[in-house]
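Peer 1: How does the following fold in three dimensions:
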Amino acid sequence: MAVITAPTYDPQTTAENLANSYVASAKAILDKQSATATATASGLTKLGSALSTFQSALAGLATSSTSVSATKATFSNTAIGTATATSAAQAGTYAFYVQQLATAGQVSYNVASSDATNAGSMDVVLMNGTTIKVDLASADGDKDGKLSAKEVAAAINAAADNKSQITASTMTINGDTRLVLTSNATGADNIVKEINTSGLGDANLQAALGTGNQTVLTAASNAIVYAGGKNGTKIEQASNTFSVVDDVKFTITQAQGVNDAAVTLTIAADNSGTAANVQKFVDAYNALLTSIKTLTAAGDHTLTTASGSATTSADAAFYNDSGVLNLRDRLNGILRDATGGQSLISYGLIANKDGTLTLDSGRLNKAIAANPEGLDKLFGRAGIGVDSGVLGAMNKLTTLWTSSAGGLITQRKTQNDRLQSDISDRQVTVQNQFDNAYKRYLAQFTALQQLQSSMTNTSNMFTAMFSSSSDS
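Peer 2: Numbering: from 1, shown residues only. Prediction:
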């Protein structure tokens, strides 16, 4: 009798393979759509970050007190002082004689340990009349019942009225501990004048901090400068930094000798500083352009299989995206827009083949020499309510993308989020189709396997029966 033979298989594996085949087409489409949506989400984040960084650079190039064109202020003797000027400073030359620097005062008091019981409070009075109230009630940090000079110093430093006006410390000289009070600001009015001890509870501490026991370690002084030279106008102030020339600040660092000639402060255009500012714009623009180039790049479409079913790399998130490409082209167009017959190209900004910029400093300097005010007029300023020139035009354009209130980045993210949510829902549906198909196929092939097993057993039984009869 013929033996029944049947294919050997695993119902679970067979059911899984058939279920996968059942949903393969729909799953492949959704997987590709999901990958694209994920890439788009990442691309939008990167584009938004690049645009925001670019806008910050634009805003920093020109403000209410600075501009792209730089101005420098220099002393004829840099050992005497240093100076800075805003772009609004007018060119000119000024003579100054530095007679005296402003210094910070320092005084000390011999302070021994005192009774912390009912310590009370004291007032540190500055020469300008400012009073710093110091409460010593909780100054006994180690709770030994005594107030040391260090504990008094800590209380002064922690006083709410102090506001870093003075710094209290201690030092020991020939076995005597001294409380040292150092003014943090220069000028004669900022030194400690006296300590009002009437509120202290310990008589010894009152005596130690009395006016008669104060030692001046460093005398405080004001800065004295003569504008116009030794016989000029005397200027005296507490600080070593002066603002007597409009839009210029200078800080004196060394007093001059009696026989020294006055120093000269010169304010003039700073070509190297201007070039550095323009280079900041070039760098910011090139960085943004590089980001856009990366986000719009084409993938490598070289086929890697004989059937042509795969490529070595996919297109970037915004490959052939008309909106992003339009953004790039409009930025380039703003660069070339002319004002009064001139554009930034006239000031040495050279466009390379890949769209990036290079600065020709020599050409920039020549253009500035011919038209000193033209560069700032072209660049203008970036910011809400102040947009003007190239910076303003680029800021307005990029704001259309970065604005949190309906900007293109926000709109696209919202649309992409909806798409991703829809894809997720459809993926759940496909997963359910897979699960149902798998259960159905598993039940069918499990039943078939059981039927085949039963038929095989029956066949084997008949084979054994007829084989026995034949033998007998």
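Peer 1: buried stuff in stretch 179-191?
Peer 2: Residues 179-183, 185-191 are the ones in stretch 179-191 that count as buried (16 or more other CB atoms under 10 Å). C-beta coordinates here come from the backbone N, C-alpha and C atoms, glycine included.
Peer 1: go on, stretch 86-97?
Peer 2: Of the residues in stretch 86-97, 86-87, 89, 94-97 count as buried by neighbour count, 16+ other CB under 10 Å.
Peer 1: Run through the helices of the stretch 51-200 of the chain in chain order.
Peer 2: When assigned using DSSP state H, counting those that start in this stretch, the helices of the stretch 51-200 of the chain occupy the ranges 149-158.
Peer 1: quick check: domain ranges of this structure?
Peer 2: Domains of the chain are assigned by automatic domain parsing as 11-65+273-297+314-409, 71-94+229-269, 106-218.
Peer 1: Any regions of the chain where pLDDT drops low?
Peer 2: Within the chain, the ranges that satisfy pLDDT under 70 run 1-8, 303-312, 468-472.
Peer 1: Going by contacts, tell me the helices and strands next to the lengthiest helix in it.
Peer 2: For the chain, the helix with the greatest residue count under DSSP state H is helix 408-471. Counting contacts by 3 or more CB pairs under 8 Å, 6 or more residues apart in numbering; DSSP states H and E, helix 408-471 is packed against helix 11-61, helix 389-402.
Peer 1: where's residue 9 relative to residue 449, distance?
Peer 2: Distance of residue 9 to residue 449, given as CB to CB, to the nearest Å: 8 Å.
Peer 1: before we move on, the earlier item: which one, of the helices and strands packed on helix 408-471, ends up nearest to residue 459?
Peer 2: Closest approach to residue 459 among the helices and strands packed on helix 408-471 is made by helix 11-61 (20.9 Å; CB to CB).
Peer 1: so the closest one versus helix 408-471, what angle?
Peer 2: Inter-element angle recorded for helix 11-61 and helix 408-471: 170 degrees (by axes from the mean of the first three to the mean of the last three CA atoms, to 10 degrees).
Peer 1: tell me the angle of helix 11-61 relative to helix 389-402?
Peer 2: Using the same axes, to 10 degrees: helix 11-61 against helix 389-402 is 150 degrees.
Peer 1: dump the residue contacts of the nearest residue to residue 66 once chain neighbours are set aside.
Peer 2: Nearest non-adjacent residue to residue 66, counting by CB to CB, 6 or more residues apart in numbering: residue 87, 5.6 Å away. Residue 87 makes contact with 65-71, 376, according to CB atoms under 8 Å, 6 or more residues apart in numbering.
Peer 1: number of nearby residues for residue 371?
Peer 2: A count of nearby residues for residue 371, using other CB atoms under 10 Å, gives 15.
Peer 1: Which residue is the nearest non-sequential neighbour of it?
Peer 2: residue 342 (7.3 Å).
Peer 1: Residue 347: what's it in contact with?
Peer 2: Neighbours of residue 347 in contact, by CB under 8 Å, 6+ apart: 278, 363-364, 367-368, 374-375, 378.
Peer 1: related to what we said a few turns ago, just confirm the residue nearest to residue 371 contacts residue 373, I think it does.
Peer 2: No - using CB atoms under 8 Å, residue 342 makes no contact with residue 373, being 11.3 Å away.
Peer 1: Which one's more surrounded, those two?
Peer 2: residue 342 (16 against 10).
Peer 1: State the phi and psi torsions of the more buried one.
Peer 2: The phi/psi pair for residue 342 (degrees, to the nearest 10) reads phi -130, psi 150.
Peer 1: Contacts only, for it.
Peer 2: With CB under 8 Å, 6+ apart, residue 342 has these contacts: 367, 371, 374, 378.
Peer 1: just checking, which of those belong to strands?
Peer 2: Within the contacts of residue 342, no residue falls in strands by DSSP state E.
Peer 1: Any of the contacts of residue 347 buried? List them.
Peer 2: Buried among the contacts of residue 347 (16+ other CB under 10 Å): 278, 364, 367-368, 374-375, 378.
Peer 1: can you tell me which two in those residues are farthest apart?
Peer 2: Based on CB to CB, the longest span within the buried ones among the contacts of residue 347 runs between 278 and 374 and measures 12.7 Å.
Peer 1: Adding distance to residue 204 and mean neighbour count as columns, could you present the helices and strands packed on helix 408-471 in CSV?
Peer 2: Formatted as CSV, those follow (distance: least, CB to CB, whole Å; neighbours: other CB atoms under 10 Å):
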stretch, distance to residue 204, mean neighbour count
helix 11-61, 59, 16
helix 389-402, 68, 20
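Peer 1: Look up how far residue 68 lies from the residue nearest to residue 67 when sequence neighbours are not counted.
Peer 2: Excluding the flanking residues, the one nearest residue 67 by CB to CB, 6+ apart is residue 87, at 3.9 Å. To residue 68, residue 87 is 8 Å away according to CB to CB.
Peer 1: Overlap in contacts, those two.
Peer 2: Common neighbours of residue 87 and residue 68 (CB under 8 Å, 6+ apart) are residue 376.
Peer 1: which residues in the stretch 51-200 of the chain form strands?
Peer 2: Counting by DSSP state E, counting those that start in this stretch, the stretch 51-200 of the chain has strands at residues 71-75, 81-85, 92-100, 106-110, 114-115, 121-126, 131-135, 146-147, 166-173, 176-183, 192-196.
Peer 1: Which elements pack onto the fifth one?
Peer 2: Packing contacts for strand 114-115, counted by 3+ CB pairs under 8 Å, 6+ apart, involve strand 146-147, helix 203-208.
Peer 1: Nearest approach to residue 349 belongs to which of the strands of the stretch 51-200 of the chain?
Peer 2: Using CB to CB, the nearest of those to residue 349 is strand 71-75, at 21.3 Å.
Peer 1: what sits up against that closest one?
Peer 2: Here strand 71-75 has contacts from 81-89, 91, 245, 248, 250, 263-270, 273, using CB under 8 Å, 6+ apart.
Peer 1: Repeat that for stretch 412-420.
Peer 2: Stretch 412-420 has contacts (CB under 8 Å, 6+ apart) with 33-34, 37-38, 40-41, 44.
Peer 1: wait, which of the residues you listed is closest to residue 164?
Peer 2: residue 44 (46.6 Å).
Peer 1: from memory that closest one sits against residue 410, does it?
Peer 2: No - the pair residue 44 and residue 410 does not pass the contact test of CB under 8 Å, sitting 9.2 Å apart.
Peer 1: Identify the contacts common to those two.
Peer 2: Here residue 44 and residue 410 have no joint contacts, going by CB under 8 Å, 6+ apart.
Peer 1: hang on, the earlier thing: with residue 373 as the reference, measure out to the residue nearest to residue 66.
Peer 2: In terms of CB to CB, residue 87 sits 11 Å off from residue 373.
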